[in-house]
Structure formats: C-alpha cells, structure tokens
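K.L.:
predicted model and sequence follow; I will ask about them next.
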Amino acid sequence: MSDRDQPVTEDELNAYVDGELPADRVGAVEVWLATHPEDAARIAAWRAQAEAIRARYGAVASEPVPARFDLDKLARGTRSWRAVAAAAVIAAFLAGGVVGWMAHGASAAAPSRFDVFTTQALDAHKIYVVEVRHPVEVTGAERPHLVQWLSKRLDYELRVPDLESSGLKLVGGRLLPGPFGPAAFCMYEGPSGERFTIYYARTDAPQTALRYRAGERFAALYWVEHGLAYVVSGPLDRDRLQTVAQAAYDQIDKGVPAKTW
Amino acid sequence: MSGFRQEVEAAVPALRRYARALTRNAELADDLVQDTLVRALRSEHLFHGGELRSWLYTILTNLNRNRLRSLARRPPVQSIDDNDAPDMAGPEAGGRDIERALASLVEDQRSALLLVVLEGLTYREVAEVQGVPIGTVMSRLARARMQIKAYLDGERPALRRIK
C-alpha cells in the first residue's frame, strides 16, 4: 500500500489546514479531498472560521498601543516595588508587625504560590515534628552530604542555615514530593524539644517580601528569593518564629553565617 | 532600552490581539496584557533565552487560566451580552457569531485555536505554551473546530424555528 492509499486522519486534515502537514502527505490529502466532498466541506468551514477570527480580532494589533503599556514606566514600577519589598522585609522585622502586605503590587490573577507552599510546608511540619525516631532521612551529623543531596535533587544550590545562635541544632533533612517537583525539608531542634523546619521548593514566582501564615498549632513565614520559595515553620509563637526566620533569611540572603556579624 | 525590553515591546500589539480574542472583553484583555508585561519585566532574570514571544504567550495564557479558576469559585455572573437575542444580519453579525462561537469553547481549546490561527504559532510552540504534548494540542484544535462548526451550524435557527 502506498502513502497515497492510506486513509487520511482527522489530525492530518487539521495539520493540512494549518500548514503543519509533512510535505510527503500533502499530495495524499489533496487526492483524498478531491474524492471526499464532506471532508473538503469541513476544511472549507475551518478555513472560514480562521478567516472570521482574523477578521474579528486581527485589527487589534494595528491599534495604537495605549500609554499604560509603556515598558519603562512599568519597569520603574517593578523596580521600586522590589526596593520597597526589600526594605519592608527589614522594616517589618524591626517593627515585628504584620508582613503579609506584599500582595498589593501583584495582580489579582496571580497564582497563590503562597497558599500552595505554606500549606505543603505546614503539612510536612505537622507530620514530621512529632516523629521521635525517624524525623529525617539524613541526619545533621552528615550535613555536607545532606546539602549536596538535596541541592542535587532540586537542581539548586541550597543553603541550610546554621541556627545555633537561635539555640537550634540541625536535626537533618528529607526530600518531599512538592506540588511542582521535589521539595527539600530541614528540621531544627531547640533544647526544650521545640522544632522548626525550613521547606524549600523551586518556583517561577517573583521575589516577595516575607509573609506570615498562622495555622491551628503552627505558623509559617514564607518568602521567595532567586527562584526558590522558602517556608520557615514552627510553634505558634510569632516573635520566636520571626527571630528564627530572620536568622535563616540573613544567612541565605547574604551567604554568611549569622554568627559573624 | 535593553534588547530584552525592546523585544517585549515589539510583542505588545500581538499580545493585545490574543488577549482580546481570548477574553472577548477589551478592558479585561488589556489588564491581562499589563499583568503579563509586569510579570515578564520582573522575571527577566528567569528568562533563559529561547523564544521570547512564546514565553509571553505562556505567561498570558496562565494568568488568564488563573483568572478563570478564581472566577469559578464565585457564583456565576452572566454578562448581559450572552443573553442577547441572536443577532440580526448586519455588518457586525459575522463578527458577533464567531465571538459567541469562541465563547462556547473550553479555555484550553480556545487558547490553542487562537494561538494557531490568529497568532500563527506552530503546533510545537503551542505545545510549549500550554505545557502539553503536541498530540494534545492537535486534539484540542480538532475539538475546537468541531465545536465552532456545530455552534455556527446551529446558530441559524431562526428560519427553522418558525416552521
């Protein structure tokens, strides 16, 4: 059986109309259409649809572009938004006030990565902080291996902060299935057994200021920096959580241990 | 102005066209375009080369999908336009017909069809924008065309209904 005799598929008819059909099938489709008037009529209808769509909307692209789309202006807004956001991180910490303000620069349509990641992180926190024997997969004693392993799985050079200055010892970490790929999860423990966790996940969300979320028994602070979302979770004690998160943030942001300054 | 920004600027008219057809609402469409541009400028550092135009279409398509998703959580509000009596013949009638036919599609089919016939993207590019295999793009296109045809064929009911 030659190519010409192969029945023409629905996909091929569509591809033919869109100029996506491989050259060696065009002849076969044309022969088919000559002998199958119903398909030829359908193709004519599809072409008419495309024409109608172009006739209806094509002219939009020739309209003068409204001033609101001036990119320099939009970019200035973006830049100042970032500067304000960065300043707010510090100011909010100093004031110890509410930090969940960042959304007003973003569009209402923005996907709430905040909700997705903090839910995930708080769920993981809830499940693993009660574990006595197996809270982590790799212990803090093997820190270099832990960091290397998680960084490799997330394809991102992770910083696992040293929180000794906040009285917290690294218990270790584990890999979690995240909503958009693997997530990393590190646990810290204080002298009285209080536990804090840091959740890391890759994201395409833009940089954000810190945002606070309180759950039933635990609370979380979330931020995004250089394509990575961070969620620090701990007991429902906001001041303590902010101190811990700030120590983590400082080290991750500056790449230096908090101890040194 | 950076090369990146120039390229983004050059894409604005086409983005407006796509958004207008996608939403069939000029104001909403321009809001979407503006959000897309802000998002793109803010994420310049995340753009690792490749086809900038496709990237912008991707952002816009996702923003619109999110918008519809959050709308779906609210009680439905039907626009007055949708309740209009069928259009009488006139210079605008053809345009209104195709507009309603597009409105009858599910979002992913509408987006696939518009990206191909209005924006001239290849199947491969549409697959990237929608984050699905090419086969899925093709079946979306086929279903969109079938649905529009059925809609338009059924849209000349006035005569039939009289008898």
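P.N.:
Everything's here; your move. Numbering: from 1, shown residues only, chains lettered A, B, ... in the order given.
K.L.:
residue of the stretch 151-261 of chain A closest to chain B, please.
P.N.:
Proximity of the stretch 151-261 of chain A to chain B (C-beta to the nearest C-beta) peaks at A:Pro206, 4.5 Å away. C-beta coordinates here come from the backbone N, C-alpha and C atoms, glycine included.
K.L.:
and chain B, is the helix or strand A:Asp39 falls within touching that?
P.N.:
A:Asp39 belongs to helix A:37-57 when assigned by DSSP states H and E. Yes - judged by C-beta under 8 Å from any C-beta of the partner chain, helix A:37-57 and chain B are in contact via A:Arg42, A:Ala45, A:Trp46, A:Gln49, A:Ala50, A:Ala52, A:Ile53, A:Arg54, A:Ala55, A:Arg56, A:Tyr57.
K.L.:
can you tell me which residues contact the first one?
P.N.:
Yep, that's A:Arg42 we're talking about. Residues near A:Arg42 by C-beta atoms under 8 Å, 6 or more residues apart in numbering or on different chains: A:Leu13, B:Lys149.
K.L.:
for chain B, which spans come out with low pLDDT?
P.N.:
B:1, B:48, B:72-94, B:155-163 (pLDDT under 70).
K.L.:
and the helices in it?
P.N.:
Ranges of helices in chain B, per DSSP state H, are B:3-23, B:26-42, B:52-72, B:80-83, B:93-103, B:107-117, B:123-130, B:134-154, B:157-162.
K.L.:
so which of the ones you listed is the most surrounded?
P.N.:
Most buried of the helices of chain B by mean neighbour count (mean count of other C-beta atoms under 10 Å in any protein chain shown) is helix B:107-117; its value is a mean of 23.
K.L.:
re earlier: can you select the buried ones among the residues of helix A:37-57 next to chain B for me in ChimeraX?
P.N.:
Only the buried entries of those go into this ChimeraX selection, using 16 or more other C-beta atoms under 10 Å in any protein chain shown:
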select /A:42,45,46,49,50,52,53,54,56,57
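K.L.:
quick check: mean pLDDT of stretch A:22-35?
P.N.:
Stretch A:22-35 shows a mean pLDDT of 93.
K.L.:
what helix or strand is the residue nearest to A:Tyr128 when sequence neighbours are not counted on?
P.N.:
Nearest residue to A:Tyr128 in three dimensions, chain neighbours excluded: A:Pro135, at 5.5 Å (C-beta to C-beta, 6 or more residues apart in numbering or on different chains). Per DSSP H and E, A:Pro135 falls between elements, in no helix or strand.
K.L.:
hang on, A:Pro135 packs against A:Met187?
P.N.:
Yes - between A:Pro135 and A:Met187 there is a contact under C-beta atoms under 8 Å: 5.7 Å.
K.L.:
quick one: A:Val26 from A:Ala15, how far?
P.N.:
Distance from A:Val26 to A:Ala15, counting by C-beta to C-beta, to the nearest Å: 10 Å.
K.L.:
so what's in contact with the two at the same time?
P.N.:
By C-beta under 8 Å, 6+ apart, no residue touches both A:Val26 and A:Ala15.
K.L.:
between those two, who's got more neighbours?
P.N.:
Counted by other C-beta atoms under 10 Å in any protein chain shown, A:Val26 and A:Ala15 do not tie: A:Ala15 has more neighbours, with 20 against 14.
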